[in-house]
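> Give me a 3D structure for the following:
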Amino acid sequence: MLKTEDFSAFPLRMWQNVLSKVKKAVVFMDDRCAESLHWSGGAAALLDAGARNVKQFSSFESGGVNEPKAVFVVSTLLKGRTVSVLKDVISLSRFQYCVVITSVCHSVHLLANNVTTEMEGTPVFEQFEEKLCEWMGNMNYTAEVMHVPLVFAPISQQLLLTPTFANVFPLLSPDLETINAKRPEKKKFGSLPDVDMHSLPVALQIEIKSLVSALNAMFEATSTREETFAVGPMSHIIAGELANHPQAKNRRKLAPNKASIIFVDRTMDLTGAVGHHGDNLVEKILTVLKPLPGHVTDVQVDMLELTSLQRSPHSENTVAPGCLAQTQSSAARSLWEAMLTGKHKEGVMEVRRQLVEAASKEKLPIKMSMGRVTPEQLCSYMQLFRSDWGALESHCGVLQLGLATAQMLRHPSLPRWDSCLGFERLLLQALGDSDFPAVLRQLLPLMKPRGGEDASATVSGTREDECGPEELILLLIYLYSLANEAQPADQDTEEEELEKLERELIGALTLVITRETELSPLLQKLTGCAHPEELTTERVHSAVEDMFETLRGLSHTRDHLKKLRSVYTASDGVHQATYRPFLRQILEEVFHPDRHESPDIEHMSGGLTDLLKTGFSMFMKVSRPHPSDNPLILLFLVGGVTPSELRLIKDTVTAHKPGMQVLVLSTRLLRPTDIPELLFTTQRLSPDIGI
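Numbering: from 1, shown residues only. Purely as a prediction, here's the structure:
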């Protein structure tokens, strides 16, 4: 029987195709493929397979005099910038044998070259092989170009990510305006659910087709026949492409295994993505620690604690950072699973337990202590290992996860998590009693420059708790995504009041950002400024105005749904108002004992069979496929999933259908601050895919 492990093993199987080519080669790899490899064995896998060196895919790199063989691993089309970099590296080197591996399949290369007819063989790749020989300077040298779907990263047994598509995000109302601007008046779309694949820019169509091709390759490798479902406009487009994928027809006829795949737009529930209600250890680690350079998911773990170096302004760059991806040690893998899918307290306790166990195994002089786990206690355990190199090497994975936990627990910005949680709870209660402008007005007193005269009036009077611009933006997203849940008021009056209030908020937030002494990565992307000195009031004001334009559309993302339109339960006088996660509602629909057909979980056409069923249903009862028909469900979150949602999915499945296997796929593992970046700074309609 098909298991989730069959899918989580798929990325490792694909990397074997690369490892078979790297013997005695220098390997050049772009960031997205490197991130996929990072969770599938890392650079060590390449070196163990015989690679001489691993370098960044960059025009500033080249091979050495005694390095005649090169392997290039890229996540992009063999066009544009990718071709320029390849030519630069090869021209600066003395290669006689080049292998180029791209994660974009040949059919998508044909589309990118405006070839719509089916062609035998791989002519694009064959022509590119000739170019490689030209650049090497001898047509008798060896060149190979091949496609391997290296897009998946096995984060855990329950989760597969697609770093290549980390910036794919559902369409928003400003995107609809952009699409309509290029269409004649009579053919303009009325709403996002009306948008079809062919109306999207070519670059985005290519990205969607590349994702669908990778999914098809995974189903082919696991001999799976899938039933496809969708919730949300972007999911509808992706699921439709998968359902009608030309190379999938023969597979579906013969494949012995069955699975359901449900695509869900992240925009159906942004409350869960930006909220701080998630009681999860990894979510907090991802939020407070710095990202690992070139990576979307992993973070930098300061390893100085495991050395005898004194901490100084320069020591930070002396020791290479650790990370969360620990694929070698079984103990570290089990600890990571516990941290990722358990509650915060359970995760911290498991970190302590594993550190104690590791120290006991190595006969280190550990002092046992019970009660609350503190970062000082964890660090004291880990410092025991630095005097024993063998013990340090044996338990390096567990120690890195332990250090990540300790560094998160003592991070100065952690108190802001609780502050945001407190405000979200207050706002949630207020939604049931007031109209939207009245609830939104409660944010105005918070919008004060940090460290100013009114700082004490914001949260609790301490600098660490103070809401900065990032937290204020998260609270705005939280509220706007719940706007339809507020008490209704006179529409004209509310519209007028909201417009006036938004102008006040735009002005206040502009002032907050311009007074920042240091710009976070989000503020840099939002304003287009790298340093505070570059900020001008006009520039910030314009960026904040654009932000509010996007915010206004968030309250309408579920308008097209018939049943799952709300993620809110109002207070009834006995119980407080609560947030109802959209994913839980979807799973409850899927596992409902009556097996009724949900109007919001759309089954995508399977071709003629589905059309016949639709026709027959006019005269007789015909049952359509149901997501729970199959023993395994793949839940694909388009736009990202949070660690808290992984636990929620696991708990909901256990409660409703314990025997069912559910594997989560997503474009990225979200930290709350990823959402404003994806909403306000990502070019959804013109992604950078190298064309």
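> after the helix-or-strand element of the chain with minimal mean pLDDT comes which helix or strand?
Least confident helix or strand, the chain: helix 608-616 with a mean of 51, by mean pLDDT, DSSP states H and E. The helix or strand immediately downstream of helix 608-616 is strand 632-638, counting by DSSP states H and E.
> contacting residues around that following strand?
Strand 632-638 is contacted from outside by 2-4, 7, 168-170, 226, 232, 234-235, 238, 258-266, 583, 590, 627, 645, 649, 660-667, using Cβ atoms under 8 Å, 6 or more residues apart in numbering. C-betas here are computed from N, CA, C, even on glycine.
> one more time with 6 Å, if that's ok
2, 170, 234-235, 259-265, 661-666 (Cβ atoms under 6 Å, 6 or more residues apart in numbering).
> now the strands for the stretch 1-150 of the chain?
For the stretch 1-150 of the chain, the strands defined by DSSP state E, counting those that start in this stretch cover 26-29, 53-56, 69-74, 97-102, 142-147.
> For this protein, give me the ranges with low pLDDT.
451-465, 606-623, 682-684, 686-691 (pLDDT under 70).
> chain center to the top helix by length along it: distance?
Longest helix in the chain, counting residues (DSSP state H): helix 491-514. Relative to its chain's centre, helix 491-514 lies at 31 Å (Cα atoms, centre = their mean, to the nearest Å).
> just checking, what packs against that helix?
Judged by 3 or more Cβ pairs under 6 Å, 6 or more residues apart in numbering; DSSP states H and E, helix 491-514 is in contact with helix 436-440, helix 537-554.
> which of those sits most buried?
Of all the helices and strands packed on helix 491-514, helix 436-440 has the most neighbours on average by mean count of other Cβ atoms under 10 Å, namely a mean of 21.
> what helix or strand does residue 665 sit in?
Counting by DSSP H and E, residue 665 is found in strand 661-666.
> Now tell me what touches the helix or strand following that strand from outside.
Note on strand 661-666: by DSSP H and E, the next helix or strand toward the C-terminus is helix 674-680. For helix 674-680, contacts defined as Cβ under 6 Å, 6+ apart pick out 169, 273, 274, 473, 522, 526, 547, 550.
> Excluding chain neighbours, what is closest to the fourth one?
Distance criterion Cβ to Cβ, 6 or more residues apart in numbering; nearest residue to residue 473, sequence neighbours excluded, is residue 676 at 4.9 Å.
> residues contacting residue 315?
So residue 315 contacts residue 309 (Cβ under 6 Å, 6+ apart).
> try 7 Å this time
With contact set as Cβ atoms under 7 Å, 6 or more residues apart in numbering, residue 315 has these partners: 304, 309.
> Okay, it and residue 299: tell me how far apart.
19 Å (Cβ to Cβ, to the nearest Å).
> ditto for residue 215
28 Å.
> Can you pick out the residue with more neighbours from those two?
Using other Cβ atoms under 10 Å as the criterion, residue 215 and residue 299 rank with residue 215 on top: 26 against 23.
> which SSE is that one in?
Short version: residue 215 belongs to helix 202-221, going by DSSP H and E.
> do residue 160 as well
strand 159-161.
> That strand pairs with which strands, parallel or anti?
strand 153-156 (antiparallel), strand 661-666 (parallel) (DSSP bridges).
> wait, which of these is closest to residue 540?
Nearest to residue 540 among the strands paired with strand 159-161 is strand 661-666; the distance by Cβ to Cβ comes to 32.1 Å.
> And for residue 87, the neighbour number?
For residue 87, using other Cβ under 10 Å, the count is 15.
> what's the spacing between it and residue 62?
12 Å.
> Please name the nearest non-neighbouring residue to residue 589.
residue 598 (4.3 Å).
> For the stretch 251-400 of the chain, which segments count as helices?
Secondary structure of the stretch 251-400 of the chain, counting by DSSP state H, counting those that start in this stretch: helices at 271-274, 281-288, 330-341, 344-361, 375-383, 389-394, 396-409.
> Show me what the shortest one is packed against.
Here helix 271-274 touches helix 469-480, going by 3 or more Cβ pairs under 7 Å, 6 or more residues apart in numbering; DSSP states H and E.
> Alpha carbons of the helix it packs on, as PDB, please.
Presented in PDB, the C-alpha positions along helix 469-480 are these (Å, rounded to 0.1, in the frame of the first residue of the first chain):
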ATOM      1  CA  PRO A 469       6.500  48.400  12.200                       C
ATOM      2  CA  GLU A 470       6.600  44.700  11.400                       C
ATOM      3  CA  GLU A 471       4.300  43.800  14.200                       C
ATOM      4  CA  LEU A 472       1.900  46.600  13.300                       C
ATOM      5  CA  ILE A 473       1.800  45.400   9.700                       C
ATOM      6  CA  LEU A 474       1.100  41.900  10.900                       C
ATOM      7  CA  LEU A 475      -1.800  43.200  13.000                       C
ATOM      8  CA  LEU A 476      -3.200  45.000  10.000                       C
ATOM      9  CA  ILE A 477      -3.100  41.900   7.900                       C
ATOM     10  CA  TYR A 478      -4.700  39.900  10.800                       C
ATOM     11  CA  LEU A 479      -7.600  42.500  11.000                       C
ATOM     12  CA  TYR A 480      -8.200  43.000   7.300                       C
END
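> residues in contact with residue 516?
Per Cβ under 7 Å, 6+ apart, neighbours of residue 516: 469, 523, 532.
> switch to 8 Å and redo it
449, 450, 468, 469, 523, 532, 535.
> what helix or strand does it sit in?
Residue 516 belongs to no helix or strand, assigned by DSSP H and E.
> I'd like the distance between it and residue 522.
Residue 516 is 11 Å from residue 522, by Cβ to Cβ.
> With distance to residue 410 and mean neighbour count added, can I get the strands paired with strand 159-161 in a markdown table?
Shown next, in a markdown table, are these (distance: least, Cβ to Cβ, whole Å; neighbours: other Cβ atoms under 10 Å):
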| stretch | distance to residue 410 | mean neighbour count |
| --- | --- | --- |
| strand 153-156 | 26 | 23 |
| strand 661-666 | 30 | 22 |
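> And the ones you listed: which comes nearest residue 23?
strand 153-156 (24.3 Å).
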